[in-house]
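Q: when you get a sec, could you give me coordinates for this:
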Amino acid sequence: DLRQLLQGASAAQRAAILGSLHAKLLPIVEKGLVDAVPVHVALREYLRVAAAAGLAEVAEALAGPALMHVVHTRPGAQAAMVVLGGATAKQRKRLVRELKEHVA
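A: Prediction:
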């Protein structure tokens, strides 16, 4: 669990860990390579502890077809819920519009 790892870390270590994770996850999401379950787990763990700026950046990257690939697993759906909860109104509108196309 990333929260437990960060609890025992200093402020500098926390910043380094989150910065590294953000730097690795953002290109994966932007390229649409989000079909794998380990990516969903990593996204969920990162989004649970991410600051608002990181959350907004990932929400912007997920506001599109990538969201549909993420919501098909439990960790992916949990990550999508965190993104929806922390998204701006404009981002939520884009995310819901993307979901509407696939729900009857």
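Q: okay, CA-based contacts and neighbour counts for the rest of this
A: Noted.
Q: biggest helix in the chain by residues?
A: helix 11-31 (DSSP state H).
Q: quick check, Ala61 in contact with Val29.
A: Yes: using C-alpha atoms under 8 Å, Ala61 is in contact with Val29, at 6.2 Å.
Q: centroid-nearest residue for this structure?
A: Leu43 (4.4 Å; C-alpha atoms, centre = their mean).
Q: what residues are up against it?
A: Leu25, Gly76, Ala79 (C-alpha atoms under 8 Å, 6 or more residues apart in numbering).
Q: now render these as a markdown table, adding distance to Leu2, pLDDT and neighbour count.
A: Below are these laid out as a markdown table (distance: C-alpha to C-alpha, whole Å; pLDDT from 0 to 100; neighbours: other C-alpha atoms under 10 Å):
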| residue | distance to Leu2 | pLDDT | neighbour count |
| --- | --- | --- | --- |
| Leu25 | 14 | 91 | 18 |
| Gly76 | 16 | 92 | 26 |
| Ala79 | 14 | 91 | 25 |
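Q: closest to Gly54 among these?
A: The closest of these to Gly54 turns out to be Leu25 (C-alpha to C-alpha; 10.5 Å).
Q: residues contacting the closest one?
A: Per C-alpha under 8 Å, 6+ apart, neighbours of Leu25: Val39, Ala42, Leu43.
Q: how much space between it and Leu99?
A: According to C-alpha to C-alpha, to the nearest Å, Leu25 and Leu99 sit 22 Å apart.
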